[in-house]
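J.: Here is my input, please return the structure:
(chains A and B)
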Protein chains: 2
Amino acid sequence: MLQLHLQPESHIPLYIQLRDQLRALVHSGELRGGDRIPASRELAGHLGVHRTTVANAYAELESEGLIRGHVGRGTFICDMPARQFSPPPRPNGHGGSIRWEALFADERGDEGLSRLMPEIPPGAIAFTAARPSGEFFPVEEFRRCSNAVLRREGRQILQLGSSDGYDRLKSGIVDLLRGEGVNVGAGQIMITHGCQQAIDLITKAFLRPGDAVALEDPAYPGAIAVLAGARVRALSVTVETDAARTGRLGLDLDMLETVLLQNRVKFIFVTPDFHNPTGTAMPVANRRRLLELAARYQVPVVEDGIYARLRLRGNGLPSLKALDSAGHVIQIDSFSKIAFPGLRVGWCIGPEAVIERLRLLKQSTDIHSDQLAQAAMAEFVERGHLARHVAKMKQVYRRRLEAMEEALDKHMPDGATWTRPEGGMSLWVSLSPGFDAGELLIHARERGILFVPGRYFYLQHPQPNTLRLGFASLDEARIARGIQTLAEVVKSELRKRQRGVREESQARVALI
Amino acid sequence: MLQLHLQPESHIPLYIQLRDQLRALVHSGELRGGDRIPASRELAGHLGVHRTTVANAYAELESEGLIRGHVGRGTFICDMPARQFSPPPRPNGHGGSIRWEALFADERGDEGLSRLMPEIPPGAIAFTAARPSGEFFPVEEFRRCSNAVLRREGRQILQLGSSDGYDRLKSGIVDLLRGEGVNVGAGQIMITHGCQQAIDLITKAFLRPGDAVALEDPAYPGAIAVLAGARVRALSVTVETDAARTGRLGLDLDMLETVLLQNRVKFIFVTPDFHNPTGTAMPVANRRRLLELAARYQVPVVEDGIYARLRLRGNGLPSLKALDSAGHVIQIDSFSKIAFPGLRVGWCIGPEAVIERLRLLKQSTDIHSDQLAQAAMAEFVERGHLARHVAKMKQVYRRRLEAMEEALDKHMPDGATWTRPEGGMSLWVSLSPGFDAGELLIHARERGILFVPGRYFYLQHPQPNTLRLGFASLDEARIARGIQTLAEVVKSELRKRQRGVREESQARVALI
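T.: All right, here's what the predicted structure looks like:
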């Protein structure tokens, strides 16, 4: 006789509670490999919860490899792979097959990015993406660039190159930055496979297991994943999203200073412009104060500039790197948001000693970045295509942001608030307290609407009532329709609650 | 009064002895920041050694940042960066500049790859490279492929893609492998940035600090660098290069079994076909025995197949993966040697559970590999260009290998032996005992000849009389001329020794 105890009043979603309790029963040995568990409809009836709650819990357990469905027979607990350290292998004379799972090093932070890129059912309106809108890609212009560089310097492109990057691209980026008021030499730039690799290489270069960094909370899950994988402690510094309520917006610098005072922090990771996921930008006074803190506590800053060129309204602000007279900032950046994420071309700017260290690490990581993408992007920049494309996309994205705001203003019920980004690709919604975006997603998905629940972005104390809405990949009509539908789902949930009709009232049930 | 004690009879080269002793004097505090050290000519006179010996030691110390020359003033010991753990930073109110070097995590294995790619002076004949010969690149065919895929699927290529690789390339590789007798599904392949990234990802997935792997000795320095950076213990298993003397060729499987018995080994890393640096291939009976050992000790194998398609003579042998009925082998492979290293497109084959784990790691490492290179290579394979190019290059490389062997046979003095590779890009020379390839390189470089001293490839007990000669990047005439000159340098050194003229006889000198 197994007991499941769901607590509807908890801020933890019911399906998460159910998933965790079933997992605990497996780990404690109360459920064993081969045991049959009830069908979702059956268990939902027992527990008095919606069937999708059970289905969602089962889906997560299945993706973890804990349960498996057998056609016509039901759902069963899988045999568990041994995770613990096994004794040194002795010759067994037979040579059975290797249990690879038992050999894996740990898997911290692995799911971070996958959860941002769910399967999108046909016809769904997915606010999940923070990627550029492919329909405006100047494919033909890019093709001509690629063609030109292969004609002109194909042999050099195809041969082994430099770990710090293709010279023409490095020069192109030096020029691009100079035009933006940042003066760096070619020795202060290294080309990477996008910002993700820059974060990975910086982590490899500077951080050992147990080291601490200060990180925005919520944060980009790709940064959380790298730090977790390297067993680096990410110390949470709150990003305020509700200036009206808190009197602050963006990274809480008082909290940052407390973190710096109380810990030996090796780096401050920050996205001052159009922070992912909240869309907030750091005011210029805060940028200066952040650099003062970095200098006073001798803690360098990693500035993620990936969204900075996508300012859609308001006045431009200098980057930390542009304000960084003392040389305390490593800036990471990429063409992925302003041009083509499929090419994986980004870069990293820092003091020469840092770049040289990163270059050596890049060499033993993947020798160097693909040179065709680098050379073609260099040509794309030189011919002025990048500047034209960015100018055009800023118009496109501004209209989409405005369409989203208009739809939210029009349809969202009282109690919901959202950030008012001046750029980037997403905004951040806070529903009234008590809402759980994970549960909401189950109902929204049934109506063909996808978004990313806010809790995937948090380091600690996730606010379950938050969610991220990406606006860059959808046209205005779909944004308007999608937000209207989403608002209907929110209102429907709100009505259920207001009517006191709690479908999950009978939440303590014996499971036979 | 500082003492230097050089031992000419040691197998350690004199310049290495000198470098290490000077470094020790700095670390012990006997030489301090700002101290002037003698000019190389002066110190060489004191020590009774050749000036290049001192110059070489100084060059290494300079590259390590221990000494620096000041024009017109001499050579000085540098101020040392603090490496030890510093106390937690306290606000200093000033904010001086950050000492980045003090923040670096460790730097093990960093130099491994750089040393293989020295600057090549104009006009020099460089046997250093193990890269394809660029003059035969079918640039125009490749350009048409790149052009075709951008026309046909440009929008998809430029948009964010899958972490496991571009579908068409994965299918192309499945077909390629099927044609070679290896049947894998698309779920068992992941695209990487070449073999180097495959080694890095496998290390991330499976190996923790302190874990042990069995590695060929000598080995590919890129593997040594990754394992050292991850603080993995690489256990040495000798690769025999002299079948006439030892009765063995290639990896010593008795030694491997001893290593497996005495240690908890997590992986066996091996290059059965045309091992870099020695050029040896593992006989088929040894391949079967290696797989038996892997099964008996339950230790999986990472097979580096990067040179296997470059069999230049003799009969083809099945890869470990082709023989791997039990699923114990992860095979890493790449287009870098058979086509274009500048594109960084490689792949990795293994059980689905492993590929899925690697996919998640790839995602948090760099999201995915560049899709233009992937799509263009898929087209290049589909159109048959790859097969034609490989067939052609095998002819080219076979002629170059034969030219090298002919020149070695003709010019090398007695006592020197070399491997007789049936494929790959390099062969391995053993000079008579007492020779030091590092010292020899100093004299060879003066004659415009470069090679890689063997000791860069060893895990332990480096054989100083060995060196690697790459034959793939040079035409037959330059190979003949270069080997003749190299042999002259060897003979000249031999004559010096035979005449008993030991320039370094007076090796114990007081340094004032």
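
J.: pLDDT at residue A:506, what is it?
T.: Confidence per residue is given as pLDDT, and for residue A:506 that number is 45.

J.: and if you look at residue A:456?
T.: Per-residue confidence (pLDDT) for residue A:456: 92.

J.: just residue A:156 next, same as before
T.: At residue A:156 the predicted local distance difference test score is 97.

J.: Check the one 4 residues further on too.
T.: In the predicted model, residue A:160 carries a pLDDT score of 96.

J.: wait, what's in contact with it?
T.: With contact taken as C-beta atoms under 8 Å, 6 or more residues apart in numbering or on different chains, residue A:160 is in contact with A:367-368, B:131, B:336, B:341-342. For glycine as for every other residue, the C-beta is placed from the backbone atoms N, C-alpha and C.

J.: And it, its phi and psi?
T.: When quoted as degrees, to the nearest 10, the phi and psi of residue A:160 stand at phi -50, psi 140.

J.: I'd like the next helix or strand past the helix ranked longest in chain A.
T.: When secondary structure is assigned using DSSP state H, the longest helix within chain A turns out to be helix A:385-411. Counting by DSSP states H and E, the element after helix A:385-411 in chain order, helix or strand, is strand A:417-418.

J.: just how off-centre is the following helix or strand past that following strand within its chain?
T.: Downstream of strand A:417-418, the next assigned helix or strand under DSSP H and E is strand A:426-430. Computed by C-alpha atoms, centre = their mean, to the nearest Å, the separation of strand A:426-430 from the middle of its chain amounts to 14 Å.

J.: do the same with stretch A:15-31
T.: Taking C-alpha atoms, centre = their mean, one finds stretch A:15-31 lying 27 Å from the centre of the chain it belongs to.

J.: And stretch A:254-274, by the same measure?
T.: Distance of stretch A:254-274 from the chain centroid (C-alpha atoms, centre = their mean) equals 19 Å.

J.: Flag every buried residue along that stretch.
T.: Of the residues in stretch A:254-274, those scored as buried under the neighbour-count criterion (16 or more other C-beta atoms under 10 Å in any protein chain shown) are A:255-257, A:259-260, A:263, A:265-274.

J.: Chain B next: which of the residues you listed are close?
T.: Judged by C-beta under 8 Å from any C-beta of the partner chain, the overlap between these and the neighbourhood of chain B comprises A:260, A:263, A:266.

J.: Relative to residue B:450, which of those residues is nearest.
T.: Proximity of those to residue B:450, judged by C-beta to C-beta, is greatest for residue A:266, which lies at 40.0 Å.

J.: What is the helix or strand residue A:445 falls within packed up against?
T.: Assessed by DSSP H and E, residue A:445 sits inside helix A:437-446. Identification of packing neighbours for helix A:437-446 by 3 or more C-beta pairs under 8 Å, 6 or more residues apart in numbering or on different chains; DSSP states H and E yields helix A:14-27, helix A:51-63, strand A:452-453, strand A:466-470, helix A:476-498.

J.: Pipe those into CSV and attach mean neighbour count per row.
T.: Output for those, formatted as CSV (neighbours: other C-beta atoms under 10 Å in any protein chain shown):
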stretch, mean neighbour count
helix A:14-27, 19
helix A:51-63, 19
strand A:452-453, 23
strand A:466-470, 26
helix A:476-498, 17
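
J.: which stretch in the ones you listed is the model least sure about?
T.: Among the helices and strands packed on helix A:437-446, helix A:51-63 scores lowest, at a mean of 79.

J.: got the contact list for it?
T.: Contacts made with helix A:51-63 from outside it, assessed by C-beta under 8 Å, 6+ apart, are listed as A:14-16, A:18-19, A:22-23, A:40-41, A:43-44, A:47, A:67-69, A:75, A:439, A:442-443, A:446, A:504.

J.: Compute the inter-axis angle for it and helix A:437-446.
T.: 100 degrees (axes from the mean of the first three to the mean of the last three C-alpha atoms, to 10 degrees).
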